[in-house]
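**Student:** No sequence on hand, only this structure:
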């Protein structure tokens, strides 16, 4: 690469990071999820805004030389891998506690029923299918059922709800749900890539994926503990951070060799870290989370927004139909399921709205399915917009509930100072 090409590449990273952090800051000030602002920052820098205002400037900054696209794509995937890695090692702590009765009801209402209906109604969106029909139906089932742990957790933190039974029930159910859905996505991508063309092939993919998870969660921690005993005391905190990142990359590389989805592998690597409680690892996890959340993930979400060409890819009828249908399915099934465990219909509706938050995982699903050639540009855009709008709706609804009654999620809820 020439000096000029390097300059353009680093300029594009600077603009993406500034756009993402700036957009996130503005949305935080508006009491809205930061992730949405990061995506909007990318949209402004993409063909939807900058490309319309100045196509030459957009081309010069983001597509100025042949290698720029692959380089930005590498940042995109690395940010996605780190996002799932940090989500994994935060899952166990965030999902602790909660009512088993309510969590079980929410898993049925937020996972089993929505996934089944999403899978069954996928033919309605068949014109957006690019790949294998089975893979497409799996993706559509996931798209209806997915819940965002990072976004809903951030909303709970902002509203002072994280310590309430309501929040613990939501996060506990979403943790179980997401683990199952990411496994299904791994199967869908394997089917799309031709690794599972019949029932035997699908069974093999499921078996390999299950074996990867079981070995990772039940045997890998022992090996990591042995290495940790050797490393801790001989290494600085900074080098422990490097070894932890190495663990993530080893899992991703091994998964790639086994033809297991790398995004799923990063999540599993994070879960392995969650099974290693240690005072030495707590600051290491925080270091990784900080660099991930404030550098790689904003660039990833900005690139998601930057890839959206609303003028060319936005199909209003398709997007409205998908958002309306998926929201109706998820909201109704979750609310009714929660009602079987709760006496109050309004509280059941709170559960339904919270579990309908698609957020980051919905966007990750769109990214993986689009990159795998399962869905077209229009469905990619619809999934991203659904993730944005459902996240906005949840934040606004819960804040409105607290404004009307600060003790609505008693005993531990509090309305944050404005």
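**Tutor:** Structure's in. What do you need? A quick note: this is a predicted structure, and the numbers were derived from the prediction, not measured.

**Student:** and after the helix or strand of the chain with the lowest mean pLDDT, which helix or strand comes next?
**Tutor:** Counting by mean pLDDT, DSSP states H and E, the weakest-scoring helix or strand in the chain turns out to be helix 220-231, with a mean of 72. Per DSSP states H and E, the first helix or strand lying C-terminal to helix 220-231 is helix 237-257.

**Student:** Buried residues of that next one, list them for me.
**Tutor:** For helix 237-257, burial by neighbour count (16 or more other Cβ atoms under 10 Å) applies to 240, 241, 244, 245, 247, 248, 251, 252, 254, 255. The way it works is simple: take the backbone N, C-alpha and C, and place the C-beta from them, glycine included.

**Student:** repeat for stretch 66-74
**Tutor:** Applying 16+ other Cβ under 10 Å to stretch 66-74 flags 68, 71, 72 as buried.

**Student:** Adding distance to residue 175 as columns, could you present those in JSON lines?
**Tutor:** Listed next are these as JSON lines, based on distance: Cβ to Cβ, whole Å:
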{"residue": "68", "distance to residue 175": "38"}
{"residue": "71", "distance to residue 175": "34"}
{"residue": "72", "distance to residue 175": "32"}
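
**Student:** chain center to the one helix or strand residue 52 maps to, what's the gap?
**Tutor:** If you go by DSSP H and E, residue 52 is part of helix 50-53. Mean C-alpha position of helix 50-53 versus that of the full chain (Cα atoms, centre = their mean, to the nearest Å) differs by 28 Å.

**Student:** Packing partners of that helix?
**Tutor:** Secondary-structure packing of helix 50-53 (3 or more Cβ pairs under 8 Å, 6 or more residues apart in numbering; DSSP states H and E): helix 55-62.

**Student:** okay, now residue 360: neighbour count?
**Tutor:** Neighbour count for residue 360, taken as other Cβ atoms under 10 Å: 29.

**Student:** helix or strand for it, which one?
**Tutor:** helix 359-371.

**Student:** again with residue 82
**Tutor:** With DSSP H and E as the test, residue 82 turns up in helix 68-94.

**Student:** roughly how far out does that helix sit from the chain middle?
**Tutor:** Worked out by Cα atoms, centre = their mean, helix 68-94 lies 9 Å from the chain centre.

**Student:** If you count neighbours, what's buried in that helix?
**Tutor:** Those would be 68, 71-72, 75-91, 94, for helix 68-94 by 16+ other Cβ under 10 Å.

**Student:** Output the contacting helices and strands for the very next helix or strand once past that helix.
**Tutor:** On the C-terminal side of helix 68-94, the closest following helix or strand by DSSP H and E is helix 100-107. Contact analysis of helix 100-107 by 3+ Cβ pairs under 8 Å, 6+ apart lists helix 165-192, helix 316-339, helix 345-355 as its packing neighbours.

**Student:** and the next helix or strand after the longest one, what other elements does it pack with?
**Tutor:** Following the chain from helix 165-192 toward its C-terminal end, the next helix or strand by DSSP H and E is helix 199-218. With contacts defined as 3+ Cβ pairs under 8 Å, 6+ apart, helix 199-218 has these neighbours: helix 165-192, helix 237-257, helix 262-274.
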